[in-house]
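Trainee: Provided below are the primary sequence and the corresponding predicted coordinates.
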Amino acid sequence: MMSISKGEIMKALVYHGERNIAWEEHPDPKILQPTDVIVKIDTTTICGTDLHIWKGDMPEVEDGRILGHEGVGTIIEVGEGVKNWKVGDRAILSCVSACGECEYCKKGLTSHCMNPEGAKGLGWIFGYMIDGTQAEKVRVPFADTSLYRIPDGVSDEQGCMVSDILPTGYEIGIRDGGVKEGDTIAVIGAGPVGLAAMMTSALHGAKRVIAIDFDDNRLENAKAKFGATHSVNAGDEDWFEQVMALTEGGLGVDVACEAVGVPVTLQNCFKIVRPGGQVANIGVHGAPVEIAMNKYWIQNIRMSMGLVNAVEGERLLQGITDGKFKAENLVTHHFDMNDMMDAYETFRNAKETKAMKVIITQK
Ligand code: NAD
Ligand code: ZN
């Protein structure tokens, strides 16, 4: 058995199999590669994906894995091959670990980086294939190409939203959805990811942003804080007519973003998109989806989908400093790091607690 001397132990949120996580002692991370840094986590958060792991939906995650792939922290140790960072620098951690050198990284498809540890061709490894950010300290691989500097005026909690949630909504929904100045777009699903898409559509000058969800509270929130100009309750019998009436000539939206991950919402995106428009799928699907190609082939609709690359961090940080959107609006709760289990409890019961993003701080 490994003996752990004092000073080499930290606290971390550790996964021990289905529905079994604990805030417990764990050995400190160590530099393993010259391109690594060790970061003291100042602020972290929980993602829906962590709940998928907790539920046991991702059995490939090993017992003993520290979860979390979002965070802001201070560099406390630097590998000898790291060029851009020094001890004491503060940084935003990207959810994607990108070597920066393989063919995929060079194309901006860091989500398929060929070099991360544990999973060739998968850029997201934090809190999945390697230990993650819900801990006092974390080892960050490929530090030169997987960390962002924190611009003046950007708070830790705003920075935390740039690790994953804002790039997901922006890159997969808005950017890859081809949203243009003056467009009318719809976002189906007003959870954190859908709200991030609505909010960052300001970067592309969308004129009309229609939020669609069952939850009236989330719809009101979308209009009050996330740039939605209109909302439609997906439970209304005439939801489709309501959406079409909000579009130019009643022809449909220019871009329909799917931010739920179930068949009916992707099918609904096809229903409301106009000829020549685009469907941008952000949701993670667990089942095949039937699309009525006999109806849609003639409509010149494009479709995009994918795993976040987290390559647009600089642009998103600029959007925050320019005041184009308020990333902090995604945050609903704050916890001290030692109350990690309460933070999980609150996030897991989002229906009752109305939690969106919970911010966890190490004093
Ligand atoms: P969430 O569960 O918090 O939000 C989903 C919202 O959809 C809820 O508000 C719910 O009321 C609404 N909804 C459910 N069924 C609906 C329906 N039929 N019509 C309209 N609204 C409906 O989820 P989230 O955290 O915002 O994530 C959204 C999706 O994005 C998930 O599938 C998640 O796995 C995925 N995701 C994708 C990536 C990526 O890289 N592509 C990254 C992160 C998350
Ligand atoms: Zn790579």
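Mentor: Cool, got the structure. Values in this document were obtained by computation on a predicted structure and should not be read as measured data. Ligands and ions are numbered 1, 2, ... in the order given.

Trainee: just the helices in the stretch 101-250 of the chain please.
Mentor: 103-106, 143-146, 156-160, 165-167, 192-200, 216-225, 239-245 (DSSP state H, counting those that start in this stretch).

Trainee: winner for burial among the ones you listed?
Mentor: Mean neighbour count, computed with mean count of other C-beta atoms under 10 Å, is highest for helix 192-200 among the helices of the stretch 101-250 of the chain, reaching a mean of 29. Heads up, the C-betas are built off the backbone N, CA and C, glycines and all.

Trainee: Can you name every helix or strand that that one contacts?
Mentor: helix 165-167, strand 184-188, strand 208-213, helix 216-225 (3 or more C-beta pairs under 8 Å, 6 or more residues apart in numbering; DSSP states H and E).

Trainee: what about the third one, average pLDDT?
Mentor: Rounded to a whole number, the mean pLDDT of strand 208-213 is 98.

Trainee: and if you look at the last one?
Mentor: Regarding helix 216-225, the rounded mean pLDDT is 96.

Trainee: list the helices and strands that helix packs on?
Mentor: By 3+ C-beta pairs under 8 Å, 6+ apart, helix 216-225 packs against helix 192-200, strand 208-213, strand 230-233.

Trainee: Including distance to ligand 1, could these go into a markdown table?
Mentor: Converted to a markdown table, those look like this (distance: least, C-beta to the nearest ligand atom, whole Å):
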| stretch | distance to ligand 1 |
| --- | --- |
| helix 192-200 | 3 |
| strand 208-213 | 4 |
| strand 230-233 | 9 |
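
Trainee: Please name whichever of these is nearest to D322.
Mentor: Of all the helices and strands packed on helix 216-225, helix 192-200 sits nearest to D322, with 12.1 Å by C-beta to C-beta.

Trainee: before we move on, back to that, take the helices of the stretch 101-250 of the chain and write them to a markdown table, including distance to ligand 2.
Mentor: Shown next, in a markdown table, are those (distance: least, C-beta to the ion, whole Å):
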| stretch | distance to ligand 2 |
| --- | --- |
| helix 103-106 | 3 |
| helix 143-146 | 8 |
| helix 156-160 | 23 |
| helix 165-167 | 17 |
| helix 192-200 | 24 |
| helix 216-225 | 35 |
| helix 239-245 | 40 |
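
Trainee: Nearest to E18, out of those?
Mentor: Of the helices of the stretch 101-250 of the chain, nearest to E18 by C-beta to C-beta is helix 192-200, at 23.9 Å.

Trainee: excluding its backbone neighbours, what's nearest M305?
Mentor: N281 (4.0 Å; C-beta to C-beta, 6 or more residues apart in numbering).

Trainee: Show the average pLDDT along stretch 22-29.
Mentor: Stretch 22-29 comes out at a mean pLDDT of 98.

Trainee: Flag every residue of the stretch 201-350 of the chain that's near ligand 1.
Mentor: Residues of the stretch 201-350 of the chain found near ligand 1 (C-beta under 6 Å from any ligand atom) are 212-215, 218, 234, 259-261, 264-265, 282-284, 307-308.

Trainee: Which segments of the protein make up each domain?
Mentor: 2-164+310-361, 172-305 (automatic domain parsing).
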